[in-house]
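Colleague: Fold the following, please.
(one chain, ligands or ions: 1)
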Amino acid sequence: MKTYRIGVIGLGQRIAHVLAAMKEVGWPLDIAGFSDPAPVGAPILAEHGIATGKPYADARALLKDGPFDLVMIGSPNHLHYEHLLAAFAAGFPIFAEKPIVRTQEESFALARHLANKKTPPLYIGLVMRSMPIVRAVIQYVDDGKLGEIVSMDATEHLHPEHGGYLARNWRRKQAWGGSYFLDKVCHDLDIFGRLMGSRAARVASFGSRKIFHPGRKDVRAAYDNGAAAYALRDAGWGAANDAFHSDMDVTDHQTALVEYAGGALLSFHSNTHVSLQERRWYIAGTQGTLLADLVRNKLMFRGSFATGKPERMEWNERTDDNHNGADQAMARDLLATFEKNAEFPVTPHDSLEAGLTVMAIDRAMETKQVVDCAPMWADYDRSRASALK
Ligand SMILES: NC(=O)c1ccc[n+]([C@@H]2O[C@H](COP(=O)([O-])OP(=O)(O)OC[C@H]3O[C@@H](n4cnc5c(N)ncnc54)[C@H](O)[C@@H]3O)[C@@H](O)[C@H]2O)c1
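Modeller: Numbers count the residues shown, from 1 in each chain. Predicted structure coming up:
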């Protein structure tokens, strides 16, 4: 196998972890260079014995020094569109982190770029697509074991330290992160669209900031064992010092209701400050019910008319990041696209559609209206059909 010459735009914590997973699963890789004003992922690479390569002033300077076998984009969300366009112009294969872009306008514009046949291959880090438990859920649905999906509920609830990090990191601001849902749960909405087999037709949502705001009178500085609270991680580029006194303008808890075009219903609940962590999907179909616990990596299914015990599956791999081996699985999937011409489990269009669904949900929350998604999909489909020269 050849050694892959890699250029990194945005050497943050995430890209460093992806690179570490790539090394772990046997990618022969050499980071030729990176562009990042303050590479917060550099210590993570050092821990894994990976050299960062040469620093460049910006993405364009880096890309001029090609060729690269892979350009990896791990910058904050508001820079994805600009960095993708620079990498498209350079013409090298790209791995970019989710969300693919930050706004609806960028989504439509990117769809037009993707319609141009000269656009290089683009792989998006919607890493849940590679998780063994998620693959099993998709398989149950595709095999027809649930019959027709009627309704589902889903959650993602984060530990206070994780919430405190989000409230201090660049994700706290819409201008950088987009929204809490866009940054955090575009993964889940991507999978739900895949399971439902249709796009969101109507959405409603409520959310606000009731946890990380300066009006809180009951904030504790330490846990019961004396460990400092809200201090866990280096909050990196654009960081605020204090999770409660920052310029945060995204939600810290939010709910959403989605009616899919096929008729199935979803309710979703997310909170960034819980003491019982959860990421759970409960899917009710005409022929069976499936419960996936993505924190504990366990799945349960029973046919609607079964009288015995439920079928149970469990995956041993559990990691602190709750990705539970998904990074390594995604690294293998990415290598297979190069070495075996295999299909990557998620397309740029899947990623755009997940992002647009979340943006519609956020619009519903902001306007306090049920949003009809049809006009948005019509604009998107028009964009897909009109390639930029
Ligand atoms: N797939 C996943 O599960 C997952 C998990 C975490 C983060 N992410 C995504 O990865 C991306 C990065 O997130 P992160 O957690 O690593 O954030 P981070 O803050 O750790 O890293 C972002 C990096 O971008 C750098 N940067 C800022 N401006 C730049 C510029 N103009 N050019 C180049 N680099 C610049 C920062 O200095 C920083 O090193 C985000 O899009 C995020 O949504 C995905």
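Colleague: For residue 354, grab phi and psi.
Modeller: Backbone geometry at residue 354, expressed as degrees, to the nearest 10, gives phi -60, psi -40.
Colleague: If you tally nearby residues, what's the number for the nearest residue to it once chain neighbours are set aside?
Modeller: Nearest residue to residue 354, sequence neighbours excluded (Cβ to Cβ, 6 or more residues apart in numbering): residue 190, at 3.5 Å. Backbone N, C-alpha and C define where each C-beta goes, glycine included. Neighbours of residue 190 under the rule other Cβ atoms under 10 Å: 25.
Colleague: just residue 65 next, same as before
Modeller: Residue 65, neighbours per other Cβ under 10 Å, totals 13.
Colleague: Same question for the nearest residue to it once chain neighbours are set aside, what's its three-state structure.
Modeller: Of all residues beyond its chain neighbours, the one nearest residue 65 is residue 33 (6.3 Å), with distances taken as Cβ to Cβ, 6+ apart. For residue 33, the secondary structure call by DSSP: H, G, I helix; E, B strand; the rest coil comes out as strand.
Colleague: Check residue 72 too.
Modeller: The three-state assignment at residue 72 reads strand, by three-state DSSP.
Colleague: residues from the protein in reach of the ligand?
Modeller: By Cβ under 6 Å from any ligand atom, the part of the chain that sits against the ligand consists of 9-14, 35-41, 74-77, 79, 97-98, 125, 127, 170, 183, 236-237.
Colleague: out of those residues, which are inside helices?
Modeller: Taking DSSP state H as the definition of helices, those contribute 13, 14, 183.
Colleague: In this protein, which residue sits closest to the ligand?
Modeller: In the chain, the residue that lies nearest the ligand is residue 12 (1.7 Å; Cβ to the nearest ligand atom).
Colleague: thought that residue was touching residue 36?
Modeller: Yes. Counting by Cβ atoms under 8 Å, residue 36 is a contact partner of residue 12 at 7.3 Å.
Colleague: joint contacts of the two?
Modeller: residue 75 (Cβ atoms under 8 Å, 6 or more residues apart in numbering).
Colleague: do you know how far residue 49 is from residue 31?
Modeller: The gap separating residue 49 from residue 31 is 12 Å, by Cβ to Cβ, to the nearest Å.
Colleague: burial count for residue 213?
Modeller: Neighbouring residues of residue 213 were enumerated by other Cβ under 10 Å; the total is 16.
Colleague: I'm done for today, thanks for sticking with me.
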